[in-house]
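[1] Dropping a prediction and its sequence here:
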Amino acid sequence: MPLINSPMGGSFAFPQPLGALDLPLIVKTSVGARGFCGFQGCFFRDRPMDTVRIAVVGAGLMGLSTAVCISKLVPRCSITVISDKFTPDTTSDVAAGILIPHAYPDTPIPKQKQWFRETFDHLFAIANSAQAGDAGVCLVSGWQIFRSIPAEEVPFWADVVLGFRKMTKAELKKFPQHVFGQAFTTLKCEGPAYLPWLEKRIKRSGGLMLTQRIEDLWELHPSFDIVVNCSGLGSRQLAGDSKIFPVRGQVLKVQAPWLKHFIRDGSGLTYIYPGASDVTLGGTRQKGDWNLSPDAETSRDIFSRCCALEPSLHGARNMREKVGLRPSRPGIRLQKELLAREGRRLPVVHHYGHGSGGFSMHWGTALEAAQLVSECAQDLRTPSPKSKL
Ligand SMILES: Cc1cc2nc3c(=O)[nH]c(=O)nc-3n(C[C@H](O)[C@H](O)[C@H](O)COP(=O)(O)OP(=O)(O)OC[C@H]3O[C@@H](n4cnc5c(N)ncnc54)[C@H](O)[C@@H]3O)c2cc1C
């Protein structure tokens, strides 16, 4: 049995890698494996020898929902979520979390509709369960209003949300600047409740959480058999993806408990989304802006735009400013990649780039990412001359 020194001055025994035979193996913790030395203990548990060790990088909405889907879909695996930030410090904690899709230009509409429907059905079931409060998921009704008739009076997602219809003239009287509107009931999923709820489910199924910044996905080799990249904007560095860019969003969170109806200007720039504990007022879409500090002038502008739509907001209390950077891309990246260095391989599943619509699509895309992970695990368990993953 080879004993190999680790950079921490010790050596670590891992479970037998998949595809290897008979002998237990002492795995080299050389290049970059430093961060995981303290967590090797988790691999000594009584797990079957063919356990697939999966690292999910990122603990925003995508990382956590993908980890939950993997725990349901991939048999005999261990899951470790590794992230430099966890809730409440991710972009996903800033979002309003309303389910209204934003079209991705590079993705066929039927695929987007499938992701949205799967997400809607999943959250609707939670909203109808005893878990709704803990998970921060609720039904919300309201209006999307337009200053001119939109090209698509009936969007592709109209038959997924509930009770979609055109607004009546009487309803439109509330908005004298607007000529057209859509009324419907959708769901709201609040990051600061939903992310801890997902974390609990991961831990309950034996998953681990590790606070660690990753500089290079290869660091995770050989400690893990499969890596799932859910690092959002971090993928600019981790996946060398120059297509992903930030779209800065500044919002206000206020107390206005009398507001129950959402209002969204069809441009998507101004919105009022009442939630369980506060109302989110938005917003901005600043392409390429990495600034995470709130801007006072922008807050005044958001507040005045929202008050123009809903004058009762002048009585709102306890205003807090929040900024998040949407991980935007022409299309979500859902893809397998095989990293290879010096004859060694590391399968990676990428799942990032949801931009303005992550909450609306997350469960559908997480199911698809988990399916890709399942295929990688299958390859590892049945190595072929072509695919020695
Ligand atoms: C103001 C605002 C309002 C929004 N409103 C809505 C809405 O109403 N409806 C909707 O559908 N969507 C909305 N969104 C979009 C939604 O928030 C995003 O699409 C979603 O949160 C993206 O999730 P994510 O997990 O990909 O990214 P993130 O939440 O950014 O998570 C990325 C994770 O990766 C980790 N990470 C990154 N790099 C590294 C690294 N090198 N090493 C280790 N960890 C790393 C981070 O710490 C983080 O945990 C909104 C966004 C904003 C900003």
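    That came through fine. Numbering: from 1, shown residues only.
[2] Nearest residue to whichever residue of the stretch 101-250 of the chain sits closest to the ligand in space, please, no chain neighbours.
    The minimum distance from the stretch 101-250 of the chain to the ligand, using C-beta to the nearest ligand atom, falls at residue 234 (2.1 Å). (Glycine included, C-beta is placed from N, CA and C.) Leaving aside its sequence neighbours, residue 234 sits nearest to residue 58 (C-beta to C-beta, 6 or more residues apart in numbering; 6.8 Å).
[3] who does whichever strand or helix holds residue 53 pair up with?
    Residue 53 is part of strand 52-57, with elements assigned from DSSP states H and E. Using DSSP bridges, strand 52-57 pairs in its sheet with strand 77-83 (parallel), strand 226-229 (parallel).
[4] by contact count, what packs against the next helix or strand along the chain from it?
    As assigned by DSSP H and E, the chain's next helix or strand after strand 52-57 is helix 61-73. If you count contacts as 3 or more C-beta pairs under 8 Å, 6 or more residues apart in numbering; DSSP states H and E, helix 61-73 packs onto strand 52-57, strand 77-83, helix 191-204, strand 226-229, strand 344-352, helix 358-381.
[5] Throw those into TSV and include distance to residue 309, mean neighbour count and mean pLDDT, thanks.
    Formatted as TSV, these follow (distance: least, C-beta to C-beta, whole Å; neighbours: other C-beta atoms under 10 Å; pLDDT from 0 to 100):
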stretch	distance to residue 309	mean neighbour count	mean pLDDT
strand 52-57	39	27	98
strand 77-83	37	24	98
helix 191-204	24	20	97
strand 226-229	39	29	98
strand 344-352	33	22	97
helix 358-381	22	23	97
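[6] Ok, which of these comes nearest the ligand?
    Set against the ligand and scored by C-beta to the nearest ligand atom, the helices and strands packed on helix 61-73 come closest in helix 358-381, at 2.2 Å.
[7] tilt between the closest one and helix 61-73?
    Angle, helix 358-381 to helix 61-73, by axes from the mean of the first three to the mean of the last three C-alpha atoms, to 10 degrees: 50 degrees.
[8] Could you export helix 358-381 as CSV, CA atoms only?
    C-alpha atoms of helix 358-381 as CSV (Å, rounded to 0.1, in the frame of the first residue of the first chain):
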residue,chain,number,x,y,z
GLY,A,358,-32.7,31.5,-11.6
PHE,A,359,-35.6,31.0,-9.2
SER,A,360,-38.0,30.5,-12.1
MET,A,361,-35.9,27.7,-13.7
HIS,A,362,-33.8,26.2,-10.9
TRP,A,363,-35.5,22.9,-10.2
GLY,A,364,-35.9,22.0,-13.8
THR,A,365,-32.2,22.7,-14.5
ALA,A,366,-31.1,21.0,-11.3
LEU,A,367,-32.9,17.8,-12.3
GLU,A,368,-31.1,17.9,-15.6
ALA,A,369,-27.7,18.6,-14.0
ALA,A,370,-28.3,15.6,-11.6
GLN,A,371,-29.1,13.5,-14.6
LEU,A,372,-25.7,14.4,-16.1
VAL,A,373,-24.1,13.6,-12.8
SER,A,374,-25.9,10.2,-12.9
GLU,A,375,-24.5,9.5,-16.4
CYS,A,376,-20.9,10.4,-15.1
ALA,A,377,-21.4,8.0,-12.1
GLN,A,378,-22.6,5.3,-14.5
ASP,A,379,-19.4,5.8,-16.6
LEU,A,380,-17.3,5.5,-13.5
ARG,A,381,-18.9,2.3,-12.4
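[9] Centre of the chain to that helix, how far?
    Put simply, helix 358-381 sits 13 Å off its chain's centre (C-alpha atoms, centre = their mean, to the nearest Å).
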